[in-house]
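In: Below is the structure, and that's it, no one-letter string:
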């Protein structure tokens, strides 16, 4: 069985996972751009809360559009033990996202990105320890995966060092910003443990992210209430920031698209490969920070060359990871991890194993779309339309032509990756 899977299924699914990881990097990088609004006087907690609110709307809307609520509910009810894991993962995301906003405020987008992308190594370690990733992979596979992940972190570090010549990095709050970014990396690296646990159990990524958002919104709301002094100050701040809310919701929507691609990457190539690939979002974050928002305009030539070198090293790391197809021995170890999860929670091993190959036994038991799906989609459109009415561009420096170019590239990746997911797995 291992040999057959390796020859007929492993390589196409590896390609799919790699494409998902790259698309995730683009959308996750673009999603952080609205956090630049923190420079326009909005509190980090308000920005994070409103982004999570946008995430909440999108996480219920996109899965509904692709699979329908009947499918999602059936999948969740058949694997109820994963609901708590998804809520926990959402809570970790909310705390980490708040830390990233604080980091951006204190050290800037171009500096914060590489620091929290240490989650690559954290996720790689957990994948090896808990889910038998890279077990039996051989020295060549180990070299590509570990070397690629280290190259991405090294490249990100070079970018950070190059960016340190910028005046923002030398601010009095720089130490706090660096610690916040590193803390976000640790939490995000650990957050991927529930991801992998869910997919080894055969859960669809679209089902997982739907519950994931409950932990996000609940945790972020609690943080905002505590740190903003209660409900009334928070509501007043939300009302005062109304012209900016649409952009924050939009950032949350971008994040969901990127995270869904990241979830599929984690499912089909594991967190040790998928997460470092999705962390190419640092390159996209750098592009948004430098090209669109004009960060590092006063940077010296030596700093610029260091950033260019770091970016090239990251690209080399991504190429190494992309070529690290899991051999038969490693995929056999993955199946052992699937068997362990199925035995622990009394799940159907054949269905869970088939889900790793892009097949979907759930589709036969779940119903089609219903009136509830239509109502959810109408409600989501109404929310965004209401926020768009009266929205205003923030009073910050923006290069519109670069913004349109980056958005066009993101949409192209969305179409390519979305079509492959549909063609090969029907979003399984």
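Out: Done, it's in. Note that this is a predicted model, so its numbers are computed, not measured. Residues are numbered from 1 along each chain as shown.
In: from here on, contacts and neighbour counts on C-alpha atoms
Out: Fine.
In: could you point out which element follows the helix or strand containing residue 140?
Out: Assigned by DSSP states H and E, residue 140 falls within helix 138-163. Heading C-terminal from helix 138-163, the first helix or strand you meet, by DSSP H and E, is helix 174-200.
In: Leaving out sequence neighbours, find the closest residue to the residue nearest the centre of the chain.
Out: The centre of the chain sits closest to residue 259, judged by CA atoms, centre = their mean, with a distance of 3.6 Å. Sequence neighbours aside, residue 24 is the residue nearest to residue 259 in space, at 6.3 Å (criterion: CA to CA, 6 or more residues apart in numbering).
In: I'd say the residue nearest to the centre of the chain and residue 28 touch.
Out: Yes: when contacts are counted by CA atoms under 8 Å, residue 259 is listed as touching residue 28 (7.0 Å).
In: And the residue nearest to the centre of the chain, how far from residue 239?
Out: Using CA to CA, to the nearest Å, residue 259 is found at 29 Å from residue 239.
In: again with residue 112
Out: When distance is defined by CA to CA, residue 112 is 29 Å away from residue 239.
In: Between those two, which has more neighbouring residues?
Out: With neighbours defined as other CA atoms under 10 Å, residue 112 and residue 239 compare such that residue 112 has more, 31 against 11.
In: Let's see the pLDDT reported for the more buried one.
Out: Listed pLDDT for residue 112 reads 74.
In: Helix or strand: which one has it?
Out: For residue 112, the host element (DSSP H and E) is helix 109-116.
In: what's the burial count for the residue nearest to residue 259?
Out: Burial of residue 24 is recorded as 35 neighbouring residues (other CA under 10 Å).
In: cool, and residue 42?
Out: The burial metric for residue 42, expressed as a neighbour count using other CA under 10 Å, is 17.
In: Tell me the secondary structure at residue 263.
Out: Taking DSSP: H, G, I helix; E, B strand; the rest coil as the rule, one finds residue 263 in the helix state.
In: Nearest residue to it in space, please, no chain neighbours.
Out: If the residues on either side of it in the chain are set aside, residue 263 comes closest to residue 205, at 6.0 Å by CA to CA, 6+ apart.
In: Just list the residues touching the closest residue to residue 151 other than its chain neighbours, thanks.
Out: Leaving aside its chain neighbours, residue 151 sits nearest to residue 317 (4.8 Å; criterion: CA to CA, 6+ apart). Applying CA atoms under 8 Å, 6 or more residues apart in numbering to residue 317 gives the contacts 147, 148, 149, 150, 151, 152.
In: Which one of those residues is nearest to residue 351?
Out: Taking CA to CA as the measure, residue 351 lies nearest residue 149 of the contacts of residue 317, at 31.6 Å.
In: Tell me the pLDDT of the closest residue in space to that closest one that isn't next to it in sequence.
Out: Here the nearest residue to residue 149 in space, its sequence neighbours aside, is residue 276; by CA to CA, 6+ apart that works out to 5.7 Å. Residue 276 is assigned 88 on the pLDDT scale.
In: What of residue 80?
Out: As summarised for this prediction, residue 80 has a pLDDT of 91.
In: State the distance from it to residue 196.
Out: If you measure residue 80 against residue 196 using CA to CA, the figure is 16 Å.
In: More neighbours: which of those two?
Out: Of the pair residue 80 and residue 196, residue 196 is the one with more neighbours under other CA under 10 Å, namely 23 against 11.
In: so what's the more buried one up against?
Out: Shown here is residue 196, whose contacts under the criterion CA under 8 Å, 6+ apart are 127, 131, 266, 267, 270, 271.
In: Residue 186 too?
Out: Taking CA under 8 Å, 6+ apart as the definition of contact, the neighbours of residue 186 are 116, 118, 119, 122.
In: so what's the first one closest to, chain neighbours aside?
Out: With CA to CA, 6+ apart as the criterion, residue 116 has its nearest non-adjacent residue at 4.0 Å, and that residue is residue 185.
In: Do I have it right that that neighbour meets residue 112?
Out: No: in this structure, residue 185 sits apart from residue 112 without contact. The criterion is CA under 8 Å, and the distance is 10.2 Å.
In: Show the subsequent helix or strand relative to the lowest-mean-pLDDT helix or strand in the chain.
Out: Per-element confidence for the chain was summarised using mean pLDDT, DSSP states H and E. The lowest value among helices and strands belongs to helix 2-5, with a mean of 40. Moving toward the C-terminus from helix 2-5, the first helix or strand encountered (DSSP H and E) is helix 11-31.
In: Any idea how far apart the tips of stretch 233-248 sit?
Out: Counting by CA to CA, the length from the leading to the trailing residue of stretch 233-248 is 19 Å.
In: Report pLDDT for residue 356.
Out: The predicted local confidence for residue 356 comes out at a pLDDT of 85.
In: right, and it touches residue 202 too?
Out: Yes: the pair residue 356 and residue 202 qualifies as a contact (CA under 8 Å) at a distance of 7.2 Å.
In: Counting neighbours, go ahead and name the busier of those two.
Out: When residue 356 and residue 202 are compared for neighbours, residue 202 comes out ahead with 30 against 24, by other CA under 10 Å.
In: gap between the more buried one and residue 355?
Out: Looking at residue 202 against residue 355, where the rule is CA to CA, the gap reads 5 Å.
In: What of residue 59?
Out: 21 Å.
In: These two: who's more crowded?
Out: Here residue 59 and residue 355 are compared on neighbour count by other CA under 10 Å; more neighbours surround residue 59, at 28 against 23.
In: Show me how far the helix or strand containing the residue nearest to residue 149 is from its chain's centre.
Out: Under the criterion DSSP H and E, the helix or strand holding residue 276 is helix 271-278. A distance of 10 Å separates the centroid of the chain from that of helix 271-278, by CA atoms, centre = their mean, to the nearest Å.
In: packing partners for that helix?
Out: Contact analysis of helix 271-278 by 3 or more CA pairs under 8 Å, 6 or more residues apart in numbering; DSSP states H and E lists helix 11-31, helix 119-131, helix 138-163, helix 242-269, helix 301-322 as its packing neighbours.
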